[in-house]
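Q: Everything below, folded, please.
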Amino acid sequence: MRGLLQPMHLLIILGIVLIIFGPGKLPELGSSIGKAIKGFKKSMEEKEHVPEETTGTNKIEYT
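A: Predicted coordinates:
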């Protein structure tokens, strides 16, 4: 056995998904998964670029 995701295995998985969800639901399912991945990537990028104003501790200046 060379690997888990051989082309024949992927065709079998695709066939099972097609039977379960039907051909009408596949575009909607793919779109939902794409939006979820895009949202996840966007949130990861926003987390990396957090402004320093929000990451610092609350400092009180006395004058």
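
Q: from what I can see L29 touches F21, true?
A: Yes: checked against CB atoms under 8 Å, the pair L29 and F21 is within contact range at 6.0 Å. Quick note: C-beta positions are derived from backbone N, CA and C, even for glycine.

Q: got any ranges where this protein has weak pLDDT?
A: The chain contains residues with pLDDT under 70 at 1, 48-63.

Q: three-state assignment of the residue nearest the centre of the chain?
A: Closest to where the C-alpha atoms of the chain average out (CA atoms, centre = their mean) is I37, at 2.5 Å. For I37, the secondary structure call by DSSP: H, G, I helix; E, B strand; the rest coil comes out as helix.

Q: so where do the strands sit in the chain?
A: With strands called from DSSP state E, the chain shows none.

Q: which stretches of it form helices?
A: Secondary structure of the chain (DSSP state H): helices located at 7-21, 26-48, 52-55.

Q: Point out the other helices and strands that the longest one packs with.
A: Read it as helix 26-48. Counting contacts by 3 or more CB pairs under 8 Å, 6 or more residues apart in numbering; DSSP states H and E, helix 26-48 packs against helix 7-21.

Q: Report the angle between the helix it packs on and helix 26-48.
A: Between helix 7-21 and helix 26-48, the angle comes out at 110 degrees (axes from the mean of the first three to the mean of the last three CA atoms, to 10 degrees).
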